[in-house]
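In: Need coordinates for the following:
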Amino acid sequence: MISEFYKEMTGKESVIRQFFDFARKRAAEMGPDSVFNFSIGNPSVPTTESFTRALIDIVEKGDPVKLHGYSPTLGQDSTKKAIADSLNRRFGMNYTAAHIFPTSGAAGALSHAIRCVAGKGETVLTFAPYFPEYNPYVSGTGAELKVVPADFESFQINFEKLEEMFDEKVAAVLINSPNNPSGMVYTTETIKKLAEVMTRKQEEYGHEIFLITDEPYREIVFTGVDSPFPSKFYDNSICCYSFSKSLSLPGERIGYMAVNPAAKDAELLVPMAGQISRFTGHNCPTALMQFAIERVIDDTSDLSIYETNAELLFKELTRIGYKVVKPMGTFYMMPRVPSESGDANEWCWKAARELGLITVPGDSFECPGHFRISYCVPTEMIEKAIPLFEKAFQF
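Out: Model (predicted):
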């Protein structure tokens with residue numbers, strides 16, 4: 001018999017994919033100029049020349065046996081050291097190679113990190129709005145994901161609701177900053193307050209509560225924004241990162257899990273992740289990608305277009321009358337739906353079908369009455385789409 005659990009999941013396609021697929025089919029039927037697709041977060045800038053040169057050099061000059069051979073389960077030592085050194089240099093930490101576990105992007109890092117510290121009968125808390133894939137990441141461990149309601153005025157942490165939802169079953173708190181889908185960044189004040197709450201709860205319940213940080217947008221922070229490194233403020237923390245956005249490499253599936261050296265049992269968590277891989281079938285990123293990343297560890301693509309696009313969209317949408325919390329980073333924002341009904345699903349489908357304006361309703365992000373715009377697109381596309389946002393405002 002086939003698995004009923006996964007069979008049932010096939011009928012629960014991501015809403016983001018639903019709108020993306022609609023855009024693709026509309027473009028095929030009516031032409032690409034009929035679609036203004038703001039549905040998916042696929043970087044719109046190329047990777048760096050330094051990465052391309054590194055890749056070519058490695059392939060041309062490297063030992064092909066080493067280059068294409070099996071990577072150690074816990075990752076290449078030289079890559080792990082390069083990542084640790086970069087984090088220490090940039091954020092004043094003291095990671096070693098032993099604290100780094102290379103993964104297939106942030107998704108792989110999160111899946112391993114959650115399994116390291118949470119299990120059956122336990123709870124992982126996260127904050128709305130949040131990335132919907134957290135649900136399978138957590139449920140796959142046997143733990144339960146509970147979502148702290150959003151503070152719709154600022155999209156910072158709703159601490160009053162957090163305190164209400166904390167109990168002795170909480171094994172981990174999962175945060176995403178800079179945030180998909182809101183574009184918000186948790187400030188130093190917010191992170192310090194979160195650390196204080198979690199430290200107090202650890203003492204109250206008598207067990208460790210881990211902070212898991214989802215940070216693939218770490219480098220996409222706008223001018224003047226306060227963007228702290230959360231692990232700096234809380235010992236029992238695990239950082240999950242991807243080079244998909246910073247280096248525009250989403251298809252290469254390369255990221256890492258970094259265990260805070262000050263965490264309880266820090267020396268065990270990376271070896272544990274290696275054992276978790278035996279159950280998930282994960283066998284770390286390709287050796288080629290690991291060797292390439294270590295050569296350009298502090299480089300980023302030209303990410304400035306995202307701030308340009310954010311400024312343009314925010315200016316024009318607020319002029320039209322949309323209510324928007326101004327993004328502080330990433331390439332997302334979450335305006336309120338302008339219709340009287342407040343039904344984001346209805347409004348987004350109407351805009352898609354009548355105007356070819358593709359956005360994503362906020363319901364699946366636990367943010368009803370809002371819609372997500374992914375503006376990692378050419379600026380010219382945004383300029384052409386502004387009249388459509390004006391028309392959609394009248395729905």
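In: Show the model's pLDDT score for the residue nearest the centre of the chain.
Out: Residue closest to the mean C-alpha point of the chain, counted by C-alpha atoms, centre = their mean, is residue 216 at 5.0 Å. You'll see residue 216 listed with a pLDDT of 97.
In: Enumerate every residue touching it.
Out: With contact taken as C-beta atoms under 8 Å, 6 or more residues apart in numbering, residue 216 is in contact with 105-106, 240-242, 244-246, 255. All C-beta spots, glycine's among them, are computed from the backbone N, C-alpha and C.
In: Show me the strands in the stretch 51-200 of the chain, by range?
Out: Secondary structure of the stretch 51-200 of the chain (DSSP state E, counting those that start in this stretch): strands at 100-103, 123-127, 144-148, 170-176.
In: so can I have JSON lines of those showing distance to residue 67, mean neighbour count and mean pLDDT?
Out: Rendered in JSON lines, the data for the strands of the stretch 51-200 of the chain read as follows (distance: least, C-beta to C-beta, whole Å; neighbours: other C-beta atoms under 10 Å; pLDDT from 0 to 100):
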{"stretch": "strand 100-103", "distance to residue 67": "16", "mean neighbour count": "27", "mean pLDDT": "98"}
{"stretch": "strand 123-127", "distance to residue 67": "38", "mean neighbour count": "23", "mean pLDDT": "98"}
{"stretch": "strand 144-148", "distance to residue 67": "39", "mean neighbour count": "18", "mean pLDDT": "97"}
{"stretch": "strand 170-176", "distance to residue 67": "34", "mean neighbour count": "24", "mean pLDDT": "98"}
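In: what's the closest of those strands to residue 235?
Out: Between residue 235 and the strands of the stretch 51-200 of the chain, the tightest spacing by C-beta to C-beta is seen for strand 170-176, at 13.6 Å.
In: now for the helix or strand bottoming out on mean pLDDT in the chain, which elements pack on it?
Out: The helix or strand of the chain with the poorest confidence is helix 4-9; it has a mean of 80 (mean pLDDT, DSSP states H and E). On a contact count with 3 or more C-beta pairs under 8 Å, 6 or more residues apart in numbering; DSSP states H and E, helix 4-9 meets no helix or strand.
In: Now do it: everything it contacts.
Out: Contact with helix 4-9 is made by residue 136, as judged by C-beta under 8 Å, 6+ apart.
In: what distance separates it from the middle of the whole chain?
Out: Relative to the centre of its chain, helix 4-9 is centred 25 Å away, using C-alpha atoms, centre = their mean, to the nearest Å.
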